[in-house]
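Asker: The sequence isn't on hand, but the structure is:
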């Protein structure tokens, strides 16, 4: 059987084609239930590394990239989907399968961009569910989604630092952090000890994503606007605006119609 591997130059060309096409027709970016199932089946198959992200983890990872102040290049984040090391690189049965699976991932990525741009409050994370022997019902399980989101943050942790330093945005991140980080304090472990606690934290995640998306909205606008000096990227939202107005950055050049940071 012929095995296809990810070729860097080819994959970059594919991503450019996919992204340019979806910018013209956002609705075609959304995966159908059948396509989402197809992608999930591949990610769960025995032919790929055990380190490859599962569907809920991938959704959290991509959401973090979309929410972030600066979106990393696809050549940086896409290999992380398959695993943390080169040995985890995915293989495909044929060139067509490589194109198909990569295209599905990129379309899902694009759909997250469009959905958050349209309405951050309508965020619908792809959560799993969990069943426990001592309970008669299923619990919403956002742990792997949160793990994926935290992996997206770690990919560009320096860029996220202002979020950690700001009490409001840090509060939004808190449920995701508690569910998605392994190295937490003993006190924090007591907050995720039961399925009920983890489910309640999972329910807070949509609000968290909306809050974090709005927190970074001014910075994303600056990144996308070539006319704005690059040094603005280093300005904290509560610092004085470098334009000389004397006002805080968040109430001056950092203001966008979609943000509500006052």
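Answerer: Arrived safely, thanks for sending. Since the model is a prediction, treat every value here as computed from it, not as a measurement.
Asker: use CA for all of it now, contacts and neighbours both
Answerer: Fine.
Asker: longest helix in the protein, by residue count?
Answerer: Among the elements of type helix in the chain, defined by DSSP state H, the one spanning the most residues is helix 95-118.
Asker: so for that helix, what's the average pLDDT?
Answerer: Taken as a whole, helix 95-118 carries a mean pLDDT of 88.
Asker: likewise stretch 41-51?
Answerer: 86.
Asker: thinking again about what came up before, right, and the helix or strand after the longest helix of the chain?
Answerer: Next in sequence after helix 95-118, counting helices and strands by DSSP states H and E, comes strand 128-131.
Asker: Walk me through which strands that following strand pairs with, and which way each runs.
Answerer: Applying DSSP bridges to the sheet, strand 128-131 is found paired with strand 138-141 (antiparallel).
Asker: so what secondary structure elements neighbour the helix or strand following the partner strand?
Answerer: As assigned by DSSP H and E, the chain's next helix or strand after strand 138-141 is helix 143-154. For helix 143-154, the elements it packs on are helix 55-67, helix 167-180, judged by 3 or more CA pairs under 8 Å, 6 or more residues apart in numbering; DSSP states H and E.
Asker: chain center to helix 143-154: distance?
Answerer: Computed by CA atoms, centre = their mean, to the nearest Å, the chain-centroid distance of helix 143-154 equals 8 Å.
Asker: Identify all contacting residues around that helix.
Answerer: Contacts with helix 143-154, where a contact means CA atoms under 8 Å, 6 or more residues apart in numbering, come from 53, 56-65, 68, 125-127, 160, 176-177, 179-181, 198, 202.
Asker: Can I get the buried part of those residues as one ChimeraX selection?
Answerer: The ChimeraX selection below is limited to those of those classed as buried (16 or more other CA atoms under 10 Å):
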select :53,56,57,58,59,60,61,62,63,64,65,68,125,127,160,176,177,179,180,181,198,202
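Asker: Run the chain-centre distance for the longest helix of the chain.
Answerer: From the chain centre to the centre of helix 95-118 is a distance of 13 Å (CA atoms, centre = their mean).
Asker: Kindly reformat the helices and strands packed on helix 143-154 as a markdown table containing distance to residue 85.
Answerer: What follows is these, written out as a markdown table (distance: least, CA to CA, whole Å):
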| stretch | distance to residue 85 |
| --- | --- |
| helix 55-67 | 17 |
| helix 167-180 | 20 |
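Asker: Among these, which comes closest to residue 216?
Answerer: Between residue 216 and these, the tightest spacing by CA to CA is seen for helix 55-67, at 7.2 Å.
Asker: Buried residues in the next helix or strand after that closest one, which are they?
Answerer: Next helix or strand after helix 55-67 toward the C-terminus (DSSP H and E): helix 74-82. Along helix 74-82, these residues count as buried under the neighbour rule (16+ other CA under 10 Å): 77, 78, 79, 80, 81, 82.
Asker: which residues touch residue 188?
Answerer: Listed by CA under 8 Å, 6+ apart, the contact set of residue 188 reads residue 178.
Asker: Ok, residue 124 next?
Answerer: Residue 124 neighbours (CA under 8 Å, 6+ apart): residue 206.
Asker: so what pLDDT did it get?
Answerer: Confidence at residue 124, expressed as pLDDT, is 92.
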